[in-house]
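Asks: Structure for this input, please:
(one chain, ligands or ions: 1)
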Amino acid sequence: MTTTNLEPYWMPFTANRAFKKAPRVLHSAQGHYYTDADGRTLLDGFSGLWTTGLGHCHPKIVAAVQAQVATLDYAMAFQMGHNKAFELAEKIIAIAPPEFTRVFFTNSGSEAADTALKMSIAYHRARGEGNRTRLIGRERGYHGVNFGGMSVGGMTANRKVFSPVMIPGVDHIRHTHSLGDMAFSKGQPTWGTHLADDLERLVTLHDASNIAALIVEPVAGSAGVLVPPVGYLERLRETCDKHGILLIFDEVITAFGRIGAAFGAQRLGVTPDIITVAKGLTNGVIPMGAVLVKESVYQALTNCPENLIELFHGYTYSGHPVAAAAGLATLQCYDDEATFVQVRNIEGVFETLLHELKAEPHVVDIRNFGLMGGIELTSRVGSAGARGTEAYLRCFAEGVVIRNTGDIIALSPFFNSTEDELIRIIDTVRRALRAID
Ligand code: PXG
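Replies: The predicted structure is shown next:
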């Protein structure tokens, strides 16, 4: 047991007091395993936090970071540049949908979301449509925790306390899940294309001339793996085009392999106007996010005299050299290891194993896409979320890390998981489900 004083650190999205009574403290990691402070090894069934699909402490990324930090530790980010950030932007663009030509760096997914929202408003204004400021999100969406992303987000617990101070002019389309119509769908549900028509409702309500952008996750992650119905994203795209609304895909989870392609946009066959990324950009090794935009968006936004700053936005650590080095090494690994193909090769095995949990106690839905898996449990009367948390703790006690969001269990295995590892994760979840009441 650790002797470290745990009190001063206020942990994020954590039940701090319960945690500190029974802490789970990690000490090191290698490949697919963590080692905790007691020397116990844990199979990581969540790839960090949807972040570390290549595995922990990948030697090539570690080496790149070590070399970079000793060469150029920090570089002034404004009105100066350094090669690694330029190279990384070029490499990202090389694997993005062809319309995308420019990359703006942030340090997290939350910052990427807020950056994308600000860009959308600035884009319309630069084109002479300054009334287009309204932002549309989706119920159960997650776009981080900053004011913009929180406001367009749709997870009740994250919004409740801050309800009076949400940014103004935001609305939400309905979410895409319906237990009665799509439970236990494998991959994309065949029911629910029409849910995209909810965007037309908001256009009718507000008038398109007031709407800047719609932001959605191609596959919603944090809310418990909500997979878009067949044809749904296509219909959102058509509606946005019809009304001049920018479409933003928040690909913080879905980009860089998680659903078997460099970008979810490619796997799902729908091209947005702006894409936000983070997590897998550096395999989680160094914090970094980014916003990719189409050339048309960039051109409109930079249509001003050449000596002027086009967008008054940026972060001290935008394009940080060590993060950029980690990003470059990560993209190289995706290429060397044919990661995106690898994911497609094992996603079928994952799907089969996951859906074998259908008859287990409490299970009311199982959802999957790529290497994203969700298992929804019924809530215990009077204590929503308790079953999910107990399942998580039981798996941890058995040496497997999963994640729960309320009573939904989420799995995010490594891109190069073996079948044995997937079986172990699923078997551990099964035992946990049988053990809890
Ligand atoms: N957008 C999406 C789609 C995300 O999944 C963010 C933005 C925010 O990124 P940062 O880097 O600011 O945290 C995320 C983050 C979960 C879970 O349990 C998921 C995230 C964060 C915390 C928990 O699924 N995703």
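
Asks: Would you map the helices across the stretch 251-400 of the chain?
Replies: Ranges of helices in the stretch 251-400 of the chain, per DSSP state H, counting those that start in this stretch, are 264-268, 295-301, 321-336, 339-355, 386-397.

Asks: With distance to residue 199 and mean neighbour count as extra columns, can I get those in CSV?
Replies: To be clear about C-beta, it is placed using only N, CA and C from the backbone, and glycine gets the same treatment. As requested, the helices of the stretch 251-400 of the chain are exported to CSV (distance: least, CB to CB, whole Å; neighbours: other CB atoms under 10 Å):
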stretch, distance to residue 199, mean neighbour count
helix 264-268, 17, 23
helix 295-301, 20, 17
helix 321-336, 33, 23
helix 339-355, 29, 18
helix 386-397, 31, 19
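
Asks: burial measure for the residue in the chain positioned nearest to the ligand, as a count.
Replies: Taking CB to the nearest ligand atom, the ligand has its nearest neighbour within the chain at residue 109, 2.3 Å off. By other CB atoms under 10 Å, 29 other residues sit near residue 109.

Asks: contacting residues around it?
Replies: Going by CB atoms under 8 Å, 6 or more residues apart in numbering, residue 109 touches 143, 144, 250, 252, 276, 277, 278, 279, 289.

Asks: mind listing what the residue nearest to the spatial centre of the chain touches?
Replies: The centroid of the chain falls nearest to residue 253 when counting by CA atoms, centre = their mean (2.6 Å). Residue 253 is in contact with 50, 217, 219, 221, 279, 372, counting by CB under 8 Å, 6+ apart.

Asks: And the pLDDT for it?
Replies: With respect to pLDDT, residue 253 scores 99.

Asks: Residue 3 too?
Replies: For residue 3, pLDDT reads 76.

Asks: can you narrow the contacts of residue 253 to ones near the ligand?
Replies: Near the ligand, judged by CB under 6 Å from any ligand atom, the entries from these are 50, 217, 221.

Asks: Can I get the residues you listed in TSV including distance to residue 31, neighbour count and pLDDT?
Replies: Converted to TSV, those look like this (distance: CB to CB, whole Å; neighbours: other CB atoms under 10 Å; pLDDT from 0 to 100):
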residue	distance to residue 31	neighbour count	pLDDT
50	18	23	98
217	28	26	99
221	23	24	98
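
Asks: what does the stretch 251-400 of the chain put close to the ligand?
Replies: So the stretch 251-400 of the chain meets the ligand at 252, 253, 278 (CB under 6 Å from any ligand atom).

Asks: Might you specify the subset of those residues located within strands?
Replies: Using DSSP state E, no member of those falls in strands.

Asks: Which of the ones next to the ligand among the contacts of residue 253 fall within helices?
Replies: residue 50 (DSSP state H).

Asks: got the ones next to the ligand among the contacts of residue 253 as CSV, with distance to residue 266 columns?
Replies: Converted to CSV, those look like this (distance: CB to CB, whole Å):
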residue, distance to residue 266
50, 18
217, 15
221, 18
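
Asks: Name the member of the ones next to the ligand among the contacts of residue 253 with the shortest distance to residue 305.
Replies: residue 217 (37.3 Å; CB to CB).

Asks: who's the residue lying closest to the closest one once chain neighbours are set aside bridged to?
Replies: Leaving aside its sequence neighbours, residue 217 sits nearest to residue 250 (CB to CB, 6 or more residues apart in numbering; 4.8 Å). When assigned by DSSP bridges, residue 250 has beta-bridge partners residue 276.

Asks: Most widely separated two among the contacts of residue 109?
Replies: Taking CB to CB, no two of the contacts of residue 109 sit farther apart than 143 and 279, at 13.3 Å.

Asks: These two: which has the busier surroundings?
Replies: For the pair residue 143 and residue 279, the greater number of neighbours falls to residue 143 (31 against 28), based on other CB under 10 Å.

Asks: the domain parsing of this protein - what is it?
Replies: The chain is divided into the following domains under automatic domain parsing: 16-54+338-435, 64-336.

Asks: just to revisit the earlier point, in the contacts of residue 109, which residue is surrounded by the most others?
Replies: Among those, residue 250 has more neighbours than the rest - 33 neighbours, counting by other CB under 10 Å.

Asks: hang on, that residue packs against residue 216?
Replies: Yes - with contact defined as CB atoms under 8 Å, residue 250 reaches residue 216; the gap is 6.9 Å.

Asks: what is in contact with those two at once?
Replies: With CB under 8 Å, 6+ apart, residue 250 and residue 216 have common neighbours residue 141.

Asks: if we can go back for a sec, pull up the gap between the residue of the chain closest to the ligand and residue 186, please.
Replies: 28 Å (CB to CB, to the nearest Å).

Asks: do the same with residue 424
Replies: Taking CB to CB as the criterion, residue 424 is separated from residue 186 by 22 Å.

Asks: Repeat that for residue 8.
Replies: For residue 8 relative to residue 186 (CB to CB), the value is 46 Å.

Asks: More neighbours: these two, which one.
Replies: residue 186 (15 against 5).
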